[in-house]
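A.B. asks: Need a 3D model of the following:
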Amino acid sequence: MSSSVNTPAAAAGEPSRAVSETVVMKFGGTSVADADRIQAAARRIVAQRESGKGVVAVLSARGKTTDELIAMAEEVSRNPDPREMDMLLSTGERISCALCAMAINDLGHRAISLTGSQAGIVTDTSHTKARIVDVRAMRISEALDQGLIVLVAGFQGVSTSRDVTTLGRGGSDTTAVAVAAAIGAEVCEIYTDVAGVFSADPRLVPDARKLPYVSFEEMLEMAASGAKVLQLRSVEYARTHGVRMHCRSSFDPAPGTVVLGEDETMEHPLITAVTHNTEEARITLVGVPDRPGAAASIFMALADANCNVDTIIQNEPRTEGADAEVSFTIGTEDLRAAEAALAPVQTELGIKTVDTDREIGKVSIVGAGMRSHPGVAGKVFKTLAGEGINIEMISTSAIKISCVIRSGDVPQAVRALHAAFELGEGGIQPEHGPR
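C.D. replies: Purely as a prediction, here's the structure:
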């Protein structure tokens, strides 16, 4: 987006400055956790504006605000109504935006804070996990043309049935990317408490290295496998709409990690990163009738309950007419809804038992170079075996291998795989930049 707007100085009679480009800046909860950090974010936003750019900032709720709001709901209700949860949870981001706007105004610039609905974020009707269906950004564009800095409450929107909705954990990332796409921003900068995307979680692997560039394809697999730097749906949206993402630190001005299209990057290392997730559970259905439609009934019920299923394994019976066994993994946040959705299916199909295992974890390796290099899977399995770690489930894609293991073994597995594939500083040649 490129337009001519008036700065506060221009409004006072000084020459106006043309906006050369527009940037969307998203600040996570830790980046606005207290007054000092909100003021620091405000200064960073103002610096971009003073460099001649139009600025839209998307803010998350402060610190642990969302967790505190969830706790409030659970104090008064065992099973909070999803619509009312969205009304409650959407307040956190509004608080952040209003406070940051005040700080920006005190720095001598004009800012306006908008709720998701005021910003034109239109979603479907799935409460607590809504998906964006349209961004009607006229009000944002008008404010930019007036020389305003625009602050948009992340994580929320208004549904096609005119209810307040929220986008699920990490949804502010998706808000930022969707706004960037709608206004044609040159880049969407995601500010967090880490310096970028790393070859593994630095808390587990001290020599993990920051990746200067990652392809959308690799970032999608990393986000789906547990890397929490960027939300999966935000990366999907960015790839679909061609939005360049830059993940960087709120507290360090150094460049972070740029997420690029596959056609913009040159050859990558064999393995880019090791990711992990300990926020999953496994559900095993014992005694599933071995007939057409049984699996469909199970997974349609889960889909109707808005539960995201990951790895699936079905063990076929060895003798004709015997029952099968189906296991799958699911995020712990969806576990309660999944168990409720499966209860009527268990009765309908005559499933013998529904067992839940909360002590599982998942470790994955991701790398675009895997496509053309045989032997990667064997090296993964050999490395884990050498550590005495048993693999319980396996899933693969063209550029990812994931192993379900005991949750207590995850840190050891991450460190072993990171070392085995020599992903640490000095153990791998730097990646080429964008073409």
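A.B. asks: From the centroid of this protein, which residue is nearest?
C.D. replies: Nearest to the mean C-alpha position of the chain, by C-alpha atoms, centre = their mean, lies Q231 at 0.7 Å.
A.B. asks: Not counting residues beside it along the chain, what's closest to it?
C.D. replies: Once flanking residues are discounted, Q231 sits nearest to G170: 3.3 Å by C-beta to C-beta, 6 or more residues apart in numbering. From N, CA and C alone the C-beta is placed, and that goes for glycine too.
A.B. asks: secondary structure element for I401?
C.D. replies: Per DSSP states H and E, I401 falls inside strand 400-406.
A.B. asks: before we move on, the earlier item: in contact with the residue nearest to the centre of the chain, which residues?
C.D. replies: By C-beta atoms under 8 Å, 6 or more residues apart in numbering, the contact set of Q231 is R169, G170, G171, D173, T174, A223.
A.B. asks: I'd like to know which of these is nearest to Q39.
C.D. replies: For those, the residue nearest Q39 by C-beta to C-beta is D173; the value is 22.9 Å.
A.B. asks: Specify the local secondary structure of that closest one.
C.D. replies: Following DSSP: H, G, I helix; E, B strand; the rest coil, we place D173 in the helix state.
A.B. asks: What separation do you get for it and F155?
C.D. replies: According to C-beta to C-beta, to the nearest Å, D173 and F155 sit 9 Å apart.
A.B. asks: try N390
C.D. replies: The gap separating N390 from F155 is 38 Å, by C-beta to C-beta.
A.B. asks: what's the answer for D106, then?
C.D. replies: According to C-beta to C-beta, D106 and F155 sit 25 Å apart.
A.B. asks: Same drill for these two, tell me which one is more crowded.
C.D. replies: Between D106 and F155, counted using other C-beta atoms under 10 Å, F155 has the larger neighbour count: 29 against 11.
A.B. asks: How about the more buried one: what's its closest non-neighbour residue?
C.D. replies: Nearest in space to F155, with sequence neighbours left out and distances taken as C-beta to C-beta, 6+ apart, is G171 at 4.0 Å.
A.B. asks: neighbours of the one you found, just the number please.
C.D. replies: Neighbours of G171 under the rule other C-beta under 10 Å: 28.
A.B. asks: i'd like the first residue to be 331 from this point on
C.D. replies: Sounds good: first residue 331 from here, last item G501.
A.B. asks: Okay, it and T683: tell me how far apart.
C.D. replies: According to C-beta to C-beta, G501 and T683 sit 35 Å apart.
A.B. asks: Please, which helix or strand holds L632?
C.D. replies: L632 belongs to helix 624-634 when assigned by DSSP H and E.
A.B. asks: what sits up against that helix?
C.D. replies: If you take C-beta under 8 Å, 6+ apart as the criterion, helix 624-634 is touched by 615, 618, 639, 642, 644, 654, 656, 660, 668, 671-672, 674-675, 678-679.
A.B. asks: now stretch 639-659
C.D. replies: Stretch 639-659 has contacts (C-beta under 8 Å, 6+ apart) with 554, 610-620, 624-625, 628-629, 632, 660-661, 682, 690, 692, 723-725, 732, 734.
A.B. asks: could you flag which of the residues you listed are buried?
C.D. replies: By neighbour count, with 16 or more other C-beta atoms under 10 Å, the contacts of stretch 639-659 hold 554, 610-615, 617-619, 624-625, 628-629, 632, 660-661, 690, 692, 723, 725, 732, 734 as buried.
A.B. asks: Where does pLDDT dip in the stretch 331-480 of the chain?
C.D. replies: Residues of the stretch 331-480 of the chain meeting the criterion pLDDT under 70: 331-350.
A.B. asks: which residues in it form helices?
C.D. replies: For the stretch 331-480 of the chain, the helices defined by DSSP state H, counting those that start in this stretch cover 338-341, 365-380, 395-406, 412-419, 421-436, 468-475.
A.B. asks: what helices or strands is the last one leaning on?
C.D. replies: Okay, so that is helix 468-475. When contacts are defined as 3 or more C-beta pairs under 8 Å, 6 or more residues apart in numbering; DSSP states H and E, helix 468-475 packs onto strand 384-389, strand 441-444, strand 479-483, helix 501-513.
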